[in-house]
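In: Need the 3D shape of this:
(4 chains)
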Protein chains: 2
Amino acid sequence: MDQLEIFKALSNKSRLQILAWLKEPEKYFPPQEHADFHEVGVCVGQIQQKCGLTQSTVSEYLGILMKAGLLQSTRIGQWTYYKRNEKAFEALSDLVKSTL
Amino acid sequence: MDQLEIFKALSNKSRLQILAWLKEPEKYFPPQEHADFHEVGVCVGQIQQKCGLTQSTVSEYLGILMKAGLLQSTRIGQWTYYKRNEKAFEALSDLVKSTL
DNA sequence: AATGTATATCGATTTTTCCCGATATCCCAA
DNA sequence: TTGGGATATCGGGAAAAATCGATATACATT
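Out: Below is the predicted model of the structure:
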């Protein structure tokens, strides 16, 4: 749990937006063909479409959120699905409350 | 409570360090002449000495933490004292837990 | 009023982040 | 085994942040 890395990951409008979308995937994304939102999350392409950023940027941003521990990913076939790691958010909340 | 602004303010090693010091002033700072730690906090000069950054940088950083709502300041004579706004940290913790 | 001390602001330079296009990799289907 | 689609990585240009020195402001003392 690297505080600084986490806060840096959260210091970007688009990345915050992605996290918000991933909180309620069924609300923000069309149904997916190959996987279930709640099991594995949302694939990169769908996230990219909503972002309006390029594929490479979105992929990089998802990587940043991953490295910070805020997302987890699952590869299924040609798709990589990302979902929130809710435990990390709880841990972050606790960290802010007690040690920050 | 501007999420993005808060996370940006927290995205810097020195600023995180300052917040940690201000959490327990009596532990990290020598006694002050003109004011009490718990009432008003610590003056800029003392913070600067521990930081090893220039006066202008520290002043700016304190300003950034202020604007984000994480610190409050009190001017007494020629000194400006800064202390943590603990309510902001609680609010941030809640935000991370519930809405982030 | 003049001086000294504490802090804030300004302008400039270096470093980091943002974000892109191009390309590489990985996987599936024909 | 070749072609296409999905994602990751690479290299770079533009924008923002970090950090400094110099200067301005604000206050206290003489």
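In: does the helix or strand of chain A with the lowest mean pLDDT come close to DNA strand C?
Out: Lowest on mean pLDDT, DSSP states H and E among the helices and strands of chain A sits helix A:37-40, with a mean of 92. No: Helix A:37-40 stays clear of DNA strand C (CB under 7 Å from any atom of the strand), getting no nearer than 13.8 Å. The way it works is simple: take the backbone N, C-alpha and C, and place the C-beta from them, glycine included.
In: now the next helix or strand after that helix, how far from the centre of its chain.
Out: Going down the chain from helix A:37-40, the next helix or strand is strand A:42-43, by DSSP states H and E. With CA atoms, centre = their mean, to the nearest Å as the basis, strand A:42-43 stands 9 Å off its chain's centre.
In: who does whichever helix or strand comes after strand A:42-43 touch, helix- and strand-wise?
Out: With elements assigned by DSSP H and E, the helix or strand that comes after strand A:42-43 is helix A:44-51. Identification of packing neighbours for helix A:44-51 by 3 or more CB pairs under 8 Å, 6 or more residues apart in numbering or on different chains; DSSP states H and E yields helix A:13-23, helix A:55-67, strand A:79-84.
In: so which of the ones you listed comes closest to residue B:17?
Out: Proximity to residue B:17 (CB to CB) singles out helix A:55-67 among the helices and strands packed on helix A:44-51, at 22.2 Å.
In: Identify all contacting residues around stretch A:13-21.
Out: A:9-10, A:28-29, A:42, A:47, A:50-51, A:53, A:57-58, A:61-62, A:64-65, A:70, A:84, B:3-4, B:7, B:100 (CB atoms under 8 Å, 6 or more residues apart in numbering or on different chains).
In: Rebuild the helices and strands packed on helix A:44-51 as a markdown table, extending it with mean pLDDT, distance to DNA strand D and mean neighbour count.
Out: Shown next, in a markdown table, are the helices and strands packed on helix A:44-51 (pLDDT from 0 to 100; distance: least, CB to the nearest atom of the strand, whole Å; neighbours: other CB atoms under 10 Å in any protein chain shown):
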| stretch | mean pLDDT | distance to DNA strand D | mean neighbour count |
| --- | --- | --- | --- |
| helix A:13-23 | 98 | 11 | 17 |
| helix A:55-67 | 98 | 3 | 16 |
| strand A:79-84 | 98 | 4 | 20 |
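In: Around DNA strand D, which positions in chain A sit nearby?
Out: Residues of chain A lying close to DNA strand D by CB under 7 Å from any atom of the strand are A:43-45, A:48, A:55-56, A:59-60, A:62-63, A:73, A:78-81.
In: could you measure residue A:75 against residue A:44, distance?
Out: Going from residue A:75 to residue A:44 by CB to CB, to the nearest Å gives 11 Å.
In: and these two? which has more neighbours close in?
Out: Using other CB atoms under 10 Å in any protein chain shown, the more surrounded residue of residue A:75 and residue A:44 is residue A:44, with 16 against 9.
In: need the contact list for the closest residue in space to the more buried one that isn't next to it in sequence.
Out: Closest residue to residue A:44 apart from its sequence neighbours, by CB to CB, 6 or more residues apart in numbering or on different chains: residue A:80 at 5.6 Å. Neighbouring residues of residue A:80 by CB under 8 Å, 6+ apart: A:43-44, A:73-74.
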